[in-house]
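In: structure for the following, please:
(chains A and B)
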2 protein chains.
Amino acid sequence: MKNQYTSDQFGRLKQSQRALETTSTQERNSMLYAIAEALKESKEIIQKANQQDIESAIKDKIGESLVKRLVLDEKKLDGSCEGIREVASLDDPIGIVKERRLLDDNLLLERIGVPIGVIGMIFESRPDALIQIISLALKSGNAIVLKGGREALNTNRTLVEIIKKALEPFSAKGSWIVHLESREEVKTLLEMDDVIDLLIPRGSNEFVRYVMDNTKIPVLGHADGLCALYVDNKADLDLALKVALDSKCQYPAVCNAIETLLVHKDVAKEFLPRYKKVLEPYNVIIHGDETTQSIINCVAATEEDWKSEYLDYELAIKVVDSMDEAIAHIATYGSGHTDCIITEDESKGKRFLREVDSADLFWNCSTRFADGFRFGLGAEVGISTQKIHARGPVGLNGLITDKWILKGNGQIVDSYESGKSKYKHQDLPLGGKSIAEQ
Amino acid sequence: MKNQYTSDQFGRLKQSQRALETTSTQERNSMLYAIAEALKESKEIIQKANQQDIESAIKDKIGESLVKRLVLDEKKLDGSCEGIREVASLDDPIGIVKERRLLDDNLLLERIGVPIGVIGMIFESRPDALIQIISLALKSGNAIVLKGGREALNTNRTLVEIIKKALEPFSAKGSWIVHLESREEVKTLLEMDDVIDLLIPRGSNEFVRYVMDNTKIPVLGHADGLCALYVDNKADLDLALKVALDSKCQYPAVCNAIETLLVHKDVAKEFLPRYKKVLEPYNVIIHGDETTQSIINCVAATEEDWKSEYLDYELAIKVVDSMDEAIAHIATYGSGHTDCIITEDESKGKRFLREVDSADLFWNCSTRFADGFRFGLGAEVGISTQKIHARGPVGLNGLITDKWILKGNGQIVDSYESGKSKYKHQDLPLGGKSIAEQ
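Out: Down below sits the predicted model:
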């Protein structure tokens, strides 16, 4: 069951995408429910395939955390099916009117949401990511080319088979999903800039960076999540303690956990010993600068520590002279993902939000809130630190682009250039059907 | 006066950008007015420099249309100054709240507009493009690295000197503008993906494609503008005649003029002789398919004609059996820029707008309306046929990205994961100041 996709086959994929895009909102939602139902019914087959992958992974000694991500047990599968139903309940992003302007009498302009086209998704290990991205692609009318980790091949293959079978009764079927299985096909995928409109890589820093460096296709995502939390001299230290603990220890293996703590010199002597104490149950390894070392017992931090995304119970701490020094540190070493200030000073809080150039800037709350679901986006294709298209937690909106539609009754530009006619440029209320809708 | 920008100097550019971004709306508008005033006052110096470029261009025999684009006479300069004032009158895009959601009590999330950072602009010939892009960059708080055509070097250098001098009295000064002068520096520019956040190339197809193929920086723009107009069998032929004439002949050297006319077979015999007649004063060269050749006197079209962006008084015409054939032709040969249908049939008009995948889809009006100013965007950095970030005519919005800001009073994720707290996810009205504003 090896795929050998040729240029021509990718061309057919565009046609399948058009077929999916033109189905009704209701039809696409029914397809989502059918997938959730089928996955639930096939849970034994899925778990058998997943068990095979896990056994091979253990035999190949691929590491405990990778094995953990590989597991698709009943609880995770139930969660995935619940997620599919949540995606079905979201508003249809196709055809939404985002701008509406009367250029002149009977000359109506609209900017509407449309699918991007063909999304390429490359991810490591987690088979539940496959379910999530297929449901988001379906909802937004995009075709999808998937390449999962080698270690999850049996699980992914089984999931795709079940999903495609569940979509058989529908007019668009499952031909808008392509599952690549061999490593060579990733190279093909990265080169298909005439077919793939957007690539979303999910996985380790090295992996995402490899993708970014080896394709001309626009990439959405982030390589690093080097998040910092700054405790200001005007901070409420009880609040700071609680938020800094959650930001580091609630789940350290993820991109929105902090790797660096910056503390104002005026509160360092009081705050650091208290913080060290709350971290103790987690055995957090602390790398401190000289001042930190003079206050608490810790390892000496090197230049490398300010650049390290530990993704573990490990933290770099630096005592700073001012908020400006904290902002400068973040500008130099941060990855533009999520950074936080703890302060009761309104003007400093606002200045931090304005002056730090990251996708997410938080004030007096945990960095761990940086997430599509927690932000109320319903679901997430990933978190982007890119500057264009979509930034921060990206939901369905990241899979949607615009189309401008203009309906007239014979207007020509010459009338306006010659001065016979004049533009009205009158903005109209949004909402309601677009010009293109039946 | 040669620029030799090193990595470090580009680093300083980021600091200049931050200085510009943090100036007030009023300050940035005052800077715009100061530029307009200075350009007006220096018109003689500018025209002298421009005259030098024109003379060299004529001596170098660079072609009449290029010389035409190179000219910056009093009328064009007045138009440019008027354009600067229009940009000043637009709403400030920095800090606009695009999403506002209460995640829970006292936990307020906002998505706000912020500058992208450093924009690279590479353009050929037209020095008025330099004025336009500098004013849009200023308004949106972006630093800009400019590289104009060699043939406009004297004019561009003079313009940049005048503009920088006009900005001297302001706190942000003009250090956010970098003007590159040598061809080698373009190569450097394309490689600066750690500094430049977005590249906007404007010029010939070959030039834009070269830029797209030789950089890892995201590119906004279009290489080709191969626009088609389809005359349906249900078209009002008088209306079709008028619109098709404007779309081809009002200004054929631009990307939104049509290169291909598709005519339904049922109306071809009536429409084509009438159309040929209105085209006669313009000496339009017609390349027709076999059916077209049997109806009107024209040159035989080859496969190459369906792919040609003539940018001149030249047109490819094909008679089609159905709207489906017209849509398929556009899908095969079009460039996804602007395509138009002429029909009185509501359901076919709507279907065309939905099913053709181009940035702009028009119905019963000229393709020449595809333009930022005509769309009511105030100004235009270019027209993009890319699928991500911004599509179609791009105004200030293309130079803006998002930042998520979240203000709490000590909330941690553990409370929500453990079930102690529950998200409210309550959307709030937009408008008003953001959390970050003073």
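
In: got the buried residues for the top strand by length along chain A?
Out: When chain A is parsed with DSSP state E, its longest strand is strand A:400-411. The neighbour-count check on strand A:400-411 (16 or more other CB atoms under 10 Å in any protein chain shown) flags A:Ile400, A:Thr401, A:Asp402, A:Lys403, A:Trp404, A:Ile405, A:Leu406, A:Lys407, A:Gly408, A:Gly410, A:Gln411 as buried. For every residue, glycine as well, the C-beta is placed using N, CA and C.

In: can you list the strands that that strand pairs with?
Out: When sheet partners are counted by DSSP bridges, strand A:400-411 sits next to strand A:107-115 (antiparallel), strand B:360-365 (parallel).

In: and the next helix-or-strand element following the last one, average pLDDT?
Out: Think strand B:360-365. Following strand B:360-365 in sequence order, the next helix or strand is strand B:382-384 (DSSP states H and E). Across strand B:382-384, pLDDT averages out at 91.

In: just stretch A:12-23 next, same as before
Out: 91.

In: now do it: distance to the chain's middle.
Out: 24 Å (CA atoms, centre = their mean, to the nearest Å).

In: can it be found next to chain B?
Out: Yes - using CB under 8 Å from any CB of the partner chain, we find that stretch A:12-23 touches chain B at A:Arg18, A:Thr22.

In: show me what that stretch is in contact with.
Out: A:28, A:31, A:94, A:114-115, A:117-118, A:138, A:141-143, A:145, A:170-173, A:175-176, A:178, A:195, B:354-355, B:357 (CB atoms under 8 Å, 6 or more residues apart in numbering or on different chains).

In: and the stretch 151-300 of chain A, which of its residues are near chain B?
Out: Neighbours of chain B within the stretch 151-300 of chain A, by CB under 8 Å from any CB: A:197-198, A:212-213, A:216, A:218, A:220, A:236, A:239, A:242-243, A:245-246, A:250-251.

In: out of these, what pair is the most spread apart?
Out: Pairwise distances across these (CB to CB) peak at 49.0 Å, for the pair A:Lys216 and A:Asp236.

In: how much space separates the residue in the stretch 51-200 of chain A that chain B sits nearest to from B:Thr215?
Out: Using CB to the nearest CB, the closest approach of the stretch 51-200 of chain A to chain B is made by A:Asp197 at 4.4 Å. Using CB to CB, to the nearest Å, A:Asp197 is found at 18 Å from B:Thr215.

In: residues near the nearest residue to A:Val413 once chain neighbours are set aside, how many?
Out: Leaving aside its chain neighbours, A:Val413 sits nearest to B:Arg368 (3.8 Å; criterion: CB to CB, 6 or more residues apart in numbering or on different chains). By other CB atoms under 10 Å in any protein chain shown, 29 other residues sit near B:Arg368.

In: not counting its neighbours along the chain, what's nearest the spatially most central residue of chain A?
Out: Taking CA atoms, centre = their mean, the centroid of chain A lies closest to A:Gly382, which sits 1.0 Å from it. Sequence neighbours aside, A:Gly221 is the residue nearest to A:Gly382 in space, at 5.0 Å (criterion: CB to CB, 6+ apart).

In: are we agreed that that neighbour is in a helix?
Out: No - if the criterion is DSSP: H, G, I helix; E, B strand; the rest coil, then A:Gly221 is coil and not within a helix.

In: in what helix or strand does A:Ser308 lie?
Out: A:Ser308 belongs to no helix or strand, assigned by DSSP H and E.

In: how about it, what does it touch?
Out: A:Leu226, A:Glu259, A:Glu314, A:Ala316.

In: repeat that for 7 Å
Out: By CB atoms under 7 Å, 6 or more residues apart in numbering or on different chains, the contact list for A:Ser308 reads A:Glu259, A:Ala316.

In: ok, now how distant is it from A:Leu279?
Out: For A:Ser308, the distance to A:Leu279 - CB to CB - is 17 Å.

In: same thing with A:Pro273?
Out: With distances taken as CB to CB, A:Pro273 is found 11 Å from A:Leu279.

In: and these two? which has more neighbours close in?
Out: A:Leu279 (20 against 12).

In: summarise which helices and strands the helix or strand hosting the more buried one is packed against.
Out: With elements taken from DSSP H and E, the one containing A:Leu279 is helix A:265-279. Here helix A:265-279 touches helix A:237-249, helix A:290-295, strand A:314-320, going by 3 or more CB pairs under 7 Å, 6 or more residues apart in numbering or on different chains; DSSP states H and E.

In: return the most buried member of the ones you listed.
Out: strand A:314-320 (a mean of 24; mean count of other CB atoms under 10 Å in any protein chain shown).

In: now whichever helix or strand comes after it: buried residues?
Out: Sequence order places helix A:323-333 as the next helix or strand after strand A:314-320, per DSSP H and E. Across helix A:323-333, burial judged by 16+ other CB under 10 Å covers A:Met323, A:Glu325, A:Ala326, A:Ile327, A:His329, A:Ile330, A:Ala331, A:Tyr333.

In: quick one: pLDDT of the residue in the stretch 201-350 of chain A positioned nearest to chain B?
Out: Closest approach of the stretch 201-350 of chain A to chain B (CB to the nearest CB) occurs at A:Asp246, with a separation of 3.6 Å. We have a pLDDT of 98 for A:Asp246.

In: ok so, going back, who's in contact with the residue nearest to the centre of chain A?
Out: By CB under 7 Å, 6+ apart, the residues touching A:Gly382 are A:Ile200, A:Arg202, A:Leu220, A:Gly221, A:Val394.

In: show me which pair in the residues you listed is furthest apart.
Out: A:Arg202 and A:Val394 (11.4 Å).

In: quick one on the thing from earlier: just the buried residues from the contacts of A:Gly382, in PyMOL please.
Out: Buried residues within these, by 16+ other CB under 10 Å, are selected in PyMOL with:
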select buried, chain A and resi 200+202+220+221+394
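
In: now render the contacts of A:Gly382 as JSON lines, adding distance to B:Ser89.
Out: Listed next are these as JSON lines, based on distance: CB to CB, whole Å:
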{"residue": "A:Ile200", "distance to B:Ser89": "39"}
{"residue": "A:Arg202", "distance to B:Ser89": "44"}
{"residue": "A:Leu220", "distance to B:Ser89": "34"}
{"residue": "A:Gly221", "distance to B:Ser89": "38"}
{"residue": "A:Val394", "distance to B:Ser89": "33"}
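
In: could you dump the contacts of A:Gly382 into TSV and include pLDDT?
Out: TSV is the format used below for the contacts of A:Gly382 (pLDDT from 0 to 100):
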residue	pLDDT
A:Ile200	93
A:Arg202	86
A:Leu220	91
A:Gly221	87
A:Val394	91
